[in-house]
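**Q** Need a 3D model of the sequence below.
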Amino acid sequence: MSTGTGHRWFDLFQGPGTAHWTWQIGEREHHWTFSFRPLAELSESEIVRHFTVWVGNQYIDHFDLRVAGNGSTLHRLSASWVSGA
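**A** Residues are numbered from 1 along each chain as shown. Sure, this is the predicted structure:
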């Protein structure tokens, strides 16, 4: 059995409320999982909705991300993948 893993991320600045983000990251050869976490205290974050669209020979992941707390803060959207054979 052969396995592999990987991790990618980007930091984004988002204030309170819900915003829609897109990320061209996934493909069909791996299992993907995502997380959305605050990088500052006194903030809450969640992935409200995630869906993937196949467009022009590439996958585009769509995220509706909600932030609760006081003011705008830095957050990290992470993607991890696992493969196995």
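**Q** So for this protein, which residue is the most central one in space?
**A** Leu77 (4.1 Å; C-alpha atoms, centre = their mean).
**Q** pLDDT weak spots in this structure?
**A** 1-3, 26, 84-85 (pLDDT under 70).
**Q** Now do the strands in this protein.
**A** Assigned by DSSP state E, the chain shows strands spanning 3-14, 17-23, 31-38, 43-55, 58-69, 73-84.
**Q** what distance separates the second one from the centre of its chain?
**A** For strand 17-23, the distance between its averaged C-alpha position and the chain's averaged C-alpha position is 10 Å (C-alpha atoms, centre = their mean, to the nearest Å).
**Q** Give me the contacts around it.
**A** Strand 17-23 is contacted from outside by 10, 12, 48, 60-67, 77, 79, using C-beta atoms under 8 Å, 6 or more residues apart in numbering. (Glycine included, C-beta is placed from N, CA and C.)
**Q** if we can go back for a sec, any idea how far Leu12 is from the residue nearest to the centre of the chain?
**A** 6 Å (C-beta to C-beta, to the nearest Å).
**Q** Kindly report the same for Ile60.
**A** Distance from Ile60 to Leu12, counting by C-beta to C-beta: 17 Å.
**Q** same deal with His30?
**A** From His30 to Leu12 the distance is 23 Å (C-beta to C-beta).
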